[in-house]
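In: Here's a sequence, model it:
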Amino acid sequence: MFGRYLVYTRTWHVGVSFLALAIAAHTLLFAGVASADTAEAKKIFTTRCMACHTFGKGVKVGPDLKGVTQRRQRAWIIKFVQASSTMVGSDPIAVQLFDQFKQQRMPDWADLAEPQINGIMDWLAAHGPDQQDPDARSAELATAAEIETGRQLFHGAHPLSLGGLACAGCHSIRDEAGASGGVFASDLTSVYSQYQDIAMTVFLKRPCFVRHPESNGPAYLAAEESFALKAYLRSCALRNQPAGPSGKPAAGQPPMVAKPVDGAAPGSGSSGSGAAAQPASAGQRVVWTPGVTGAPLGGHRSAAVPSELLFQVFPYVALAILILGLGIRHALARRRPEAIRPAAQAAWQAFRGTAAWRIGLAITAILHVVCLAVPGAIRAWNGAPLRLYLLEGTGFVFGLVALIGLVQLLWRHIGRSIAAHHTRLFEIGDYALLSVLCVAAVSGLATAVVYRWGSSWAVGTLTPYLRSLGKGAPAIGLVEQMPFLIRLHVFSWFAVLAVVPFTSAAMFLVAAGDRLVLAAGRPITAAARTGRRALGKLSPARWLWPEEDLPGDGGDVHEPS
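Out: Here you go, the predicted structure:
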């Protein structure tokens with residue numbers, strides 16, 4: 001009895017669970033469809049209807065469409081939209097409208113399907129044109145919670161829903177906590193005063209420079225995120241108005257005046273330091289002031305370099321030189337197999353350097369590989385300032401250690417060449433390799449100082465560029481927009497690949513490749529030997545001359561005399 005009751009209870013619970021899941025799935029599915037229909041209706045209305053019609057603003061070229069779903073039947077509207085020219089010659093209502101609006105013919109939108117027109121009518125019936133997108137709200141209406149959300153989004157404490165880069169990875173800003181952020185791009189403390197509310201909304205609909213994944217999609221910020229960032233930028237602009245010793249705007253700086261919103265209490269908004277003390281609800285409005293726009297990324301002037309040659313062709317050329325050169329070195333080394341290992345040991349002694357140099361090089365390489373392999377994890381890690389400082393500080397310290405080790409190696413090579421009174425061919429290659437590595441290290445460390453927080457902006461620019469090389473479709477736009485220092489750093493690593501085959505250090509890779517070839521060849525050799533034995537045992541000659549030693553018997557066998 002109890003067991004049957006337990007079975008019924010479990011069956012009831014399973015049924016209810018499935019019903020709840022079905023309802024949730026149905027709700028989510030139809031919510032997504034409704035959202036898509038609304039977006040399509042808005043797009044069609046904006047691109048095809050707004051040139052001649054308004055919604056609640058009076059007659060333009062054609063009639064005002066507010067209330068059209070109450071004035072006309074849905075079937076008539078659909079027919080008129082698809083073939084108005086035909087209806088003007090037969091339908092009395094269409095003829096009346098044609099005469100009323102100065103015989104202006106409406107285009108026949110025959111390509112619009114009935115569901116699309118119904119979607120537009122549903123959107124108009126719900127007063128869709130009067131509805132405002134969340135990011136179109138004025139930033140002066142933001143609450144303190146929305147401004148705080150914008151601050152977290154700006155600094156990466158809260159990740160962007162579409163996977164974009166946090167603003168602080170490239171831009172600096174000054175808020176109530178002080179100045180913070182990167183210096184790769186311009187400071188955004190007063191950017192709201194340059195664009196103002198509507199222009200700021202439009203500006204935030206696209207990335208400020210080419211980066212992935214934002215530049216690959218139609219949008220990179222959700223509407224709520226865009227509004228929160230706009231509100232945070234406005235609050236920073238109000239708190240940091242430039243002022244001279246007398247409290248007035250500094251010389252050469254345009255004033256940014258905060259005034260009360262219409263209907264606000266007098267004195268609720270003021271300029272200068274008093275504006276900074278007002279809460280978000282005080283209703284301060286920033287007056288637009290023109291600013292300099294169109295500045296190059298990072299404030300630098302892009303040098304005219306053949307980007308297609310350096311970053312589209314040369315990476316593949318360098319890789320081809322590396323593979324072909326190592327193949328030739330291996331083929332030459334196989335003439336004297338016994339000399340491969342001593343040559344590799346001699347190269348190790350020449351390039352091993354100090355333990356600090358090896359550790360610095362290894363840690364630096366690992367950090368670069370991690371940024372390339374898991375950019376999403378780097379974004380999440382950098383969301384907390386302390387973790388960002390730890391990552392950047394670690395990379396800088398070990399990069400500096402690697403540079404010191406490189407300089408020591410280069411100095412030792414020079415001393416050894418002077419003592420030998422002659423220079424071997426591969427020593428020239430060694431000098432070239434160490435020199436290019438020094439350029440890579442110096443440019444990397446300089447980038448870390450001049451354009452800090454590279455681990456944040458690189459995962460959206462340099463990492464996608466390197467991945468695009470692997471796909472065979474180089475996105476050179478991601479790297480050619482960079483300052484010269486960063487492009488030099490990227491190019492120097494491709495140069496390292498091209499130089500390696502001409503150095504004694506190539507014997508490391510030659511010896512490792514030789515071991516792999518031998519290891520891979522052992523099973524093949526063993527399989528071939530086994531096959532020959534099996535074929536020898538199946539040979540017809542064994543049946544004709546059984547007393548003879550034949551292939552597959554395991555060697556020459558002689559009977560004792």
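
In: I'd like the average pLDDT over the helix or strand hosting I321.
Out: Per DSSP states H and E, I321 falls inside helix 314-333. Taken as a whole, helix 314-333 has a mean pLDDT of 92.

In: And for stretch 104-111?
Out: Throughout stretch 104-111, pLDDT has a mean value of 80.

In: what do you get for stretch 446-455?
Out: Across stretch 446-455, the average pLDDT comes to 91.

In: what about stretch 83-92, distance to the chain center?
Out: Counting by CA atoms, centre = their mean, to the nearest Å, stretch 83-92 is centred 53 Å from the centre of its parent chain.

In: Just the buried positions in the helix holding I321, please.
Out: Going by neighbour count (16 or more other CB atoms under 10 Å), the buried part of helix 314-333 is 314-315, 318, 321-322, 325-326, 329-330, 333. All C-beta atoms are positioned from the backbone trio N, CA, C, and that covers glycine.

In: would you put the C-alpha positions of stretch 144-156 in CSV?
Out: Extracted in CSV, the C-alpha atoms of stretch 144-156 (Å, rounded to 0.1, in the frame of the first residue of the first chain):
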residue,chain,number,x,y,z
ALA,A,144,22.2,56.1,-8.0
ALA,A,145,21.9,52.4,-8.6
GLU,A,146,22.0,52.8,-12.3
ILE,A,147,25.1,55.0,-12.1
GLU,A,148,26.8,52.4,-9.8
THR,A,149,26.0,49.7,-12.4
GLY,A,150,27.6,51.9,-15.0
ARG,A,151,30.7,52.2,-12.9
GLN,A,152,31.0,48.5,-12.5
LEU,A,153,30.5,47.9,-16.2
PHE,A,154,33.1,50.6,-17.0
HIS,A,155,35.8,49.0,-14.8
GLY,A,156,34.9,45.4,-15.6
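
In: who's in contact with it?
Out: Outside stretch 144-156, the residues within contact range by CB atoms under 8 Å, 6 or more residues apart in numbering are 142, 157-158, 160, 166-169, 173, 175, 180-181, 225, 227-233, 235, 279-281, 379, 382-383, 385, 388, 456.

In: Are any of the residues you listed buried, and if so which?
Out: 142, 158, 160, 166-169, 173, 175, 181, 225, 227-233, 235, 280, 379, 382-383, 388, 456.

In: residue boundaries of the strands in this protein?
Out: Secondary structure of the chain (DSSP state E): strands at 172-175, 178-181, 258-260, 284-286.

In: For stretch 98-116, measure first residue to last.
Out: 24 Å (CA to CA, to the nearest Å).

In: what comes up buried for it?
Out: Residues of stretch 98-116 classed as buried: 98, 101, 106, 109, 112, 116 (neighbour count, 16+ other CB under 10 Å).

In: Test my guess that V191 contacts Y232.
Out: No: contact criterion CB atoms under 8 Å: V191 and Y232 do not qualify, at 11.0 Å.

In: what sits against A448?
Out: Contacts of A448 (CB under 8 Å, 6+ apart): 392, 395-396, 399, 454.

In: now the buried residues of helix 314-333 in JSON lines, with distance to H212?
Out: JSON lines is the format used below for the buried residues of helix 314-333 (distance: CB to CB, whole Å):
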{"residue": "F314", "distance to H212": "22"}
{"residue": "P315", "distance to H212": "18"}
{"residue": "A318", "distance to H212": "23"}
{"residue": "I321", "distance to H212": "28"}
{"residue": "L322", "distance to H212": "27"}
{"residue": "G325", "distance to H212": "32"}
{"residue": "L326", "distance to H212": "32"}
{"residue": "R329", "distance to H212": "37"}
{"residue": "H330", "distance to H212": "37"}
{"residue": "A333", "distance to H212": "42"}
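
In: now, which of the contacts of A448 sits nearest T54?
Out: Comparing those against T54 with CB to CB picks out G454 as the nearest, at 50.4 Å.

In: Next, the contact list for the closest one, please.
Out: By CB under 8 Å, 6+ apart, the contact set of G454 is 184, 392, 447-448.

In: what bits of the chain have low per-residue confidence?
Out: 1-37, 128, 130-132, 218-219, 242-305, 419-424, 535-561 (pLDDT under 70).

In: mind redoing it with 50?
Out: Across the chain, the ranges flagged by pLDDT under 50 are 1-35, 244-296, 298-304, 555-561.

In: ok, now which ones touch the residue nearest the centre of it?
Out: Closest to where the C-alpha atoms of the chain average out (CA atoms, centre = their mean) is H212, at 2.6 Å. The contact partners of H212, by CB under 8 Å, 6+ apart, come to 460-461, 464, 475, 478.

In: among the residues you listed, which ones are buried?
Out: With neighbours counted using 16+ other CB under 10 Å, the contacts of H212 contain these buried positions: 460-461, 464, 475, 478.

In: out of the residues you listed, what pair is the most spread apart?
Out: Checking those with CB to CB, the most distant pair is G460 and A475, at 11.6 Å.

In: Can you give me the distance of I321 to V500?
Out: Relative to V500, I321 is positioned 9 Å away (CB to CB, to the nearest Å).

In: Likewise for Q481?
Out: With CB to CB as the criterion, Q481 and V500 are 29 Å apart.

In: So which of those two has more stuff around it?
Out: V500 (22 against 18; other CB atoms under 10 Å).

In: wait, doesn't that one sit right on G325?
Out: Yes: under the criterion of CB under 8 Å, V500 makes contact with G325 at 7.4 Å.

In: got any residues that touch both of those two?
Out: Shared contacts of V500 and G325 (CB under 8 Å, 6+ apart): A506.

In: Spatially nearest residue to R206 (excluding sequence neighbours)?
Out: Excluding its sequence neighbours, the residue lying closest to R206 (CB to CB, 6 or more residues apart in numbering) is Y220, at 7.3 Å.

In: Next, count neighbours for that neighbour.
Out: Y220 has 23 nearby residues by other CB under 10 Å.

In: could you list every residue that touches V317?
Out: A498.

In: go with 6 Å
Out: With contact set as CB atoms under 6 Å, 6 or more residues apart in numbering, V317 has no partners.

In: Tell me where the stretch 151-300 of the chain has helices.
Out: 191-203, 223-239, 273-276 (DSSP state H, counting those that start in this stretch).

In: Spell out the residue ranges of the helices in the stretch 401-550 of the chain.
Out: For the stretch 401-550 of the chain, the helices defined by DSSP H, counting those that start in this stretch occupy 425-450, 454-457, 462-471, 477-480, 484-499, 506-537, 541-544.

In: list the buried ones in the fifth one?
Out: Along helix 484-499, the positions that meet the burial threshold by neighbour count (16+ other CB under 10 Å) are 485-499.

In: Return the list of helices and strands in contact with it.
Out: The helices and strands touching helix 484-499, judged by 3 or more CB pairs under 6 Å, 6 or more residues apart in numbering; DSSP states H and E, are helix 314-333, helix 425-450.

In: again, only using 10 Å
Out: In terms of contacts (3 or more CB pairs under 10 Å, 6 or more residues apart in numbering; DSSP states H and E), helix 484-499 is packed against helix 314-333, helix 425-450, helix 454-457, helix 462-471, helix 477-480.

In: OK, contacts around W348?
Out: Neighbour list for W348: 504-505, 507-508, 511 [criterion: CB atoms under 10 Å, 6 or more residues apart in numbering].
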